[in-house]
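*Asks:* this one's sequence-less:
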């Protein structure tokens, strides 16, 4: 079956492009002596995680515990959860996970540390810990080396936990400065930093320029999207995930409506310097998906030389593929336009 | 079990508030002689659709065929699909649906009409059609009475189809003007308009002021959200859907991070005149969820007199509850803070 014959809206994965993207990032990391630890948040599909490992990745990264459990169920056995887990239930689930996989977790506060420590002790398994620091993103992460050192000391003093190093997101110039200072202070304190884990596809190709980084966590690179293309991290031909849609209405000369809105494409916007609208329509690059309702995409086709007709099928490169992938229960995996199989997005919606 | 003991992030439905909201809208429609045809796109849960019918609704509305199929599987047997269905596969599915439910569909173009007509003839079932017109929203719908009349004539001439009337979204003052003109022209043409279906929760309470309207399609009213509160259609106390989240990090005095981002709360923004940020945190109304990453909500707490601590549980009123509901596989149905049951969001992700 041709993917062009599937009902829309449907996310279509080009397996050759996926393979190219996975191999390219692995080769980059290998050539610079960086450990690649792919983030599965983008694809959420165990078979892709297994392929990433087969190509040389050193374990995977998950954001949520529920994602990690799905991956462990599929046999993935080296998992980093780059997210603060709070509360005894999640700590217990993490400890349970550590019985069947090598588990590491990121923390940036004492409560996360203490609850995880308790659960780890009770389970008689050791959980590795990276202390998260902020390198300018202003999200999670401690903001000073002194805080990082204090947490690292406490990890070392907590039976059941093992201090493995530091993590941040995304990797930036500030990352190198923080790491340089941390290496000095941690050395004085006699605490070895074995891992420094950074992340982010947009600036992944510059990871080797960040002194001190040992590990790269990237997710989007498997599919790429308008944002990573806009950031110069990929070409449009490397985008491996397209949403196929149909024009369902042409109410006026200048307007087309497609069968995908915020429930299929997400409301994620794009840096205006990267382009306009809620996705790029291939073949109609001058069209702008200017508005999304839940199931409608309203497209301004006024600048198009030729214009799509009702019933026409379009292919869209999403602004931010990670959230789009998460909206769909399954993806069409294809090669050369032929459908190979529909794959469930197994870790979709595992928010807890 | 208390819903406060459920792991976060978790959507929690207050059943008493749902009941209040459903009864209030039904009473409003009853008192004005309007048919209520609730849109299930918000809740996507058959049991709620059945409750809406039990309270007096005259059938349900679905946006996508896949939603309608889920509802029909659960025994719902009067379904309006307010969405143009394009192509022979969807037309055939619609015809199949018409064997087990009374089916009506909205169209605004000939292609939709012709393909549905063919499938209806082949199945020997009659499908009701409403012609969609645009009352200012600039989405789908014909833009003139002449076009509506032309489509209505073609529906009448198509065996297997029955012309039932007109539909639009949302209901506005322009709706009444269009309908008045249409009634004149259709009467001249000898085509009766039995149904005029309008929609939208924000302006639902003014539906009786729109001359000619016979049917109200509303979805959000079951839960309400910041947008319908902002529009004056509900009070905050009528919001029946809260996302329970946990503070997972407090990296600085002014910043809190919660365990819900765009994959739990959606990136849907709010009319700035209705409020700031990606949701309202109850008890911390001066906090602003100023940024969402996929699994992180970054909250500015600088204007809060008291500030939440790591591990604290928060309740969020979403900006736009329909897309939030669609992100979660299940919801916690509760009464008085006690969990009754986890319910699957059965028609979630049925985009096709």
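*Replies:* Ah, there it is. These numbers come from a predicted model, not from an experiment.

*Asks:* what's around the residue nearest to residue A:90 when sequence neighbours are not counted, how many residues?
*Replies:* In space, not counting the residues next to it along the chain, residue A:90 is nearest to residue A:65; the distance is 5.7 Å by CB to CB, 6 or more residues apart in numbering or on different chains. In this view, the C-beta of every residue, glycine as well, is placed from N, C-alpha and C. Neighbour count for residue A:65, taken as other CB atoms under 10 Å in any protein chain shown: 24.

*Asks:* can you pull the buried residues of the longest strand anywhere in chain A?
*Replies:* Longest strand of chain A, by residue count under DSSP state E: strand A:241-252. The neighbour-count criterion (16 or more other CB atoms under 10 Å in any protein chain shown) identifies A:241-251 as the buried residues of strand A:241-252.

*Asks:* same list, those, but as TSV with distance to residue B:28 and pLDDT please.
*Replies:* Formatted as TSV, the buried residues of strand A:241-252 follow (distance: CB to CB, whole Å; pLDDT from 0 to 100):
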residue	distance to residue B:28	pLDDT
A:241	44	98
A:242	44	98
A:243	38	98
A:244	41	98
A:245	36	98
A:246	36	98
A:247	37	98
A:248	32	98
A:249	31	98
A:250	36	98
A:251	31	97
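
*Asks:* close to chain B: what parts of the stretch 51-200 of chain A are there?
*Replies:* Within reach of chain B by CB under 8 Å from any CB of the partner chain, the stretch 51-200 of chain A has these residues: A:63-64, A:83-87, A:89-90, A:108-109, A:111-112, A:134, A:138-143.

*Asks:* how about a cut-off of 6 Å?
*Replies:* Residues of the stretch 51-200 of chain A found near chain B (CB under 6 Å from any CB of the partner chain) are A:63, A:84, A:86, A:89, A:108-109, A:111, A:139-140, A:143.

*Asks:* next one: the closest residue to residue A:331 other than its chain neighbours, what pLDDT does it get?
*Replies:* The spatial neighbour of residue A:331 that comes closest, neighbours along the chain excluded (CB to CB, 6+ apart), is residue A:11 at 4.6 Å. With respect to pLDDT, residue A:11 scores 98.

*Asks:* could I get the phi/psi values of residue A:11?
*Replies:* phi -80, psi 130 (degrees, to the nearest 10).

*Asks:* pLDDT score for residue A:311?
*Replies:* Reported pLDDT for residue A:311: 97.

*Asks:* quick revisit: pretty sure the residue nearest to residue A:331 sits against residue A:245.
*Replies:* No - at 10.3 Å, residue A:11 and residue A:245 do not qualify as touching, with contact defined as CB atoms under 6 Å.

*Asks:* where exactly do the helices run in the stretch 51-200 of chain A?
*Replies:* Taking DSSP state H, counting those that start in this stretch as the test, the helices found in the stretch 51-200 of chain A are A:65-73, A:88-98, A:110-123, A:145-156, A:173-189.

*Asks:* counting neighbours, what do you get for the closest residue to residue A:77 other than its chain neighbours?
*Replies:* Once flanking residues are discounted, residue A:77 sits nearest to residue A:101: 4.4 Å by CB to CB, 6+ apart. Neighbour count for residue A:101, taken as other CB under 10 Å: 18.

*Asks:* do the one 3 residues further on as well
*Replies:* Under the neighbour criterion other CB under 10 Å, residue A:104 is assigned a count of 24.

*Asks:* show me what contacts it?
*Replies:* A:80, A:128 (CB atoms under 6 Å, 6 or more residues apart in numbering or on different chains).

*Asks:* and the gap between it and residue A:120?
*Replies:* Distance, residue A:104 to residue A:120, using CB to CB, to the nearest Å: 12 Å.

*Asks:* good, wrapping up.
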